[in-house]
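Student: Provided below are the primary sequence and the corresponding predicted coordinates.
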Amino acid sequence: MNKLIGLGIIFILVIVGGLMYFCFDKRSTGLEYAPNMYEHKAFDPDQPNENFKDGKTAQLPPDGTTPVGFDRVEDEYPNTLEGYESASKNLSNPFSITQANLIEGKSLYVNMCSHCHGFEGKGDGSIVKLGKFPPPPSYSTGVSSRGGAMKDLTDGKIFHTITYGVNLMGPHKYQLTPTERWKIVMYVHELQKLQ
Amino acid sequence: MRSISLFFKGVKQTLFLILSLLFIGEGTYAQSATEGATLFKQKCTSCHAVNRVVIGPALKDIDQRHEEAWLIEWIQNSQKMIASGDAKAVALANQYKPNVMTAFPELTPDNIKSILAYIKEEGNKPAAAANASAGGQSGESGSNDEVNDFMLGGLILVIIIAFLVILVLNRVIATLERLLLQKQGGVIEEEKAKRGSIRSRLEHWNALLNNKKRMFFIVLILVSILGTMGWIGMWDTDVHTGYQPVQPIKFSHQLHAGINKIDCQYCHTGAYKSKNASIPSLNVCMNCHSYVQATDKYNGEISPEIKKIYRALDYDPTTKKYGPDTKPIEWVRIHNLPDFAYFNHSQHVKVAGIKCQKCHGPIQNMEEVYQYSPLTMKWCINCHRETEVNHKGNAYYDRIIAAHEQLKKGEKITAAVLGGTECGKCHY
């Protein structure tokens, strides 16, 4: 009987130990000692903030301001068919075609565009292949919904489309600076030449 | 069982027969509809769906709204029709302003007829079936955790039951032994009487406590268990590895980054140009989710998780209009560096070219994100000690490289050599 009690105690200890070890809650950050600087006084952009009316730390920029590195293309070339045509006439890529610019354009294109347009711009990106999104027209063989062949799209038209989007494509002016957009335009021209 | 399988076999055969009859009967119709399906997917789906408005109108019952000849002319060149002043065409153009329908001069009247046949076929399907045929994977979210908890609970229960069974069996064996001894005429009566009393119990415990070997063993186990727990507890203090808070939207990185293969930087645009990787604002979600509503998984309803985006933006999916009553999605921060440590994403992603997975783990497999790395100083320092600096095409390092060329012939240059372990690099 003594042996049995000894065994019992071991068993219970193992169970208690196991319980305490495994039940560490993944939903909590665990034991914290002096977390003063984890819960810092400076506001993170994703934190609530009582100092603003809407309670957010991340405020929208005031009206009429332009972020560094952006220009106000939407003022001159609005999201209309006229704006699109006028962009086509008046805008041209301010960057010269260099190896470095093309490489950057390609990496931006791969990261930001390829999941729909495909790595070669043929409208066969990963989510299109999965049948989750309708295919966009191919850069080299497709027809633009605003007239003309995709391979004839000008600098300004591509820039306008990236900025505002068209049909099912959303606007990308919030994710890409004008410089980045121009580099993508440069790479898209390369893809238009493919057969 | 046998009768059920026989029944199914029967049903299968009947279905097969009906289907084959259908195919024979409407062979030509089916063929043109399949041609139409291919064409529809290539040419039309960027703007149209059968059962809902996308960019252009929903196409269900289109053959009842317009005549075939009119439709053929419209599809081939809608702008020409509007310019010629056709009343129906002008009305449609005004309704969907400023969107303009692409001209499809390459589609022959026969092509268009097959597309119309496909639309008719799709339109006649009941909504649920149409949605089911749209395809898609069903997610099994959260089931993993439940299984784990369940298994752990079960294990403990089994151990406890096993322990009880051992106890009972021991009792039974003891009784049997006693009975056996009684039969042989032993003198167990006294002992039996002793056993019951409290006093005997106390003596029993005393004997246990006095047994030094056994006590040493028990204390050893106690100390090792408590010691291990204490040790782990102290190491894990202020370390949030494995932290997996409940987020306001069940956003799955496994689906978006893993299956759909959308690059991390598409949404976390800050990762390569800012200190913060940045949580995407909802307009980035809407680039896809104005169209993608996962209705096929929710019986034709919009996914409740996608609805949360719409609610936050006060967006009406039927009218496609945004309202003024917006409220932010309150994501819960997982990776939190204390304010005395400076970390810059762009330096690591853009300059060093480090993959996101190096610190964030197999994020493309995470149904729900958890903190993979400990984010302790030791962890940072270890990586800085090992990582070779990618100095090619980076003018910042040119002078250092030149100055150290003689010293560094054939040697690795680690981040630590260039001051990567200086306090001021991370603390300010």
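Tutor: Sure thing, it's come through.
Student: Run through the strands of the chain in chain order.
Tutor: Unless you meant another one, I'm taking chain A. Counting by DSSP state E, chain A forms no strands at all.
Student: if you could check chain B rather than the one you did, that'd help
Tutor: Under DSSP E, chain B gives strands at B:315-316, B:321-322.
Student: So for B:K80, which of the ones you listed sits nearest?
Tutor: With Cβ to Cβ as the criterion, B:K80 lies closest to strand B:321-322 of the strands of chain B, at 30.9 Å. From N, CA and C alone the C-beta is placed, and that goes for glycine too.
Student: most tightly surrounded among the strands of chain B?
Tutor: Highest mean neighbour count of these: strand B:315-316, a mean of 15 (counted as mean count of other Cβ atoms under 10 Å in any protein chain shown).
Student: Rounded mean pLDDT for that one, please.
Tutor: Strand B:315-316 shows a mean pLDDT of 90.
Student: does chain A sit close to stretch B:88-102?
Tutor: Yes - applying Cβ under 8 Å from any Cβ of the partner chain, one finds stretch B:88-102 touching chain A at B:98-102.
Student: what's the pLDDT at the closest residue to A:Y38 other than its chain neighbours?
Tutor: Spatial nearest neighbour of A:Y38, chain neighbours left out: B:P338 (5.0 Å); criterion: Cβ to Cβ, 6 or more residues apart in numbering or on different chains. Listed pLDDT for B:P338 reads 83.
Student: quick one: B:P338 and B:M377, what's the gap?
Tutor: 10 Å (Cβ to Cβ, to the nearest Å).
Student: Likewise for B:A83?
Tutor: 70 Å.
Student: cool, and B:E73?
Tutor: 72 Å.
Student: tell me the centre residue of chain A?
Tutor: The centre of chain A sits closest to A:Q175, judged by Cα atoms, centre = their mean, with a distance of 5.9 Å.
Student: Please give me every residue in contact with B:S274.
Tutor: With Cβ atoms under 8 Å, 6 or more residues apart in numbering or on different chains as the criterion, the residues that contact B:S274 are B:345-346.
Student: Roughly how far does it sit from B:K350?
Tutor: Using Cβ to Cβ, B:S274 is found at 10 Å from B:K350.
Student: residue contacts, residue 44?
Tutor: You didn't say which chain, so I picked chain A. A:57, B:333.
Student: Wait, chain B was what I had in mind.
Tutor: B:C44 neighbours (Cβ under 8 Å, 6+ apart): B:59, B:115.
Student: quick one: it and B:G323, what's the gap?
Tutor: 30 Å.
Student: try B:Y266
Tutor: Taking Cβ to Cβ, one finds B:Y266 at 27 Å from B:G323.
Student: thought the residue nearest to the centre of chain A was touching B:H268?
Tutor: No - contact between A:Q175 and B:H268 fails when scored by Cβ atoms under 8 Å: they sit 10.0 Å apart.
Student: mind listing the helices in chain A by residue range?
Tutor: Using DSSP state H, the helices assigned to chain A run over residues A:2-22, A:73-76, A:81-90, A:99-112, A:114-117, A:126-129, A:155-164, A:178-192.
Student: Please identify which of the ones you listed is closest to B:A174.
Tutor: Evaluated with Cβ to Cβ, the helices of chain A place helix A:2-22 nearest to B:A174, the distance being 10.2 Å.
Student: Which pLDDT value belongs to the residue nearest to A:A58 when sequence neighbours are not counted?
Tutor: Using Cβ to Cβ, 6+ apart and skipping residues adjacent in sequence, the residue nearest A:A58 is A:P45, 4.3 Å away. Looking at A:P45, its pLDDT is 80.
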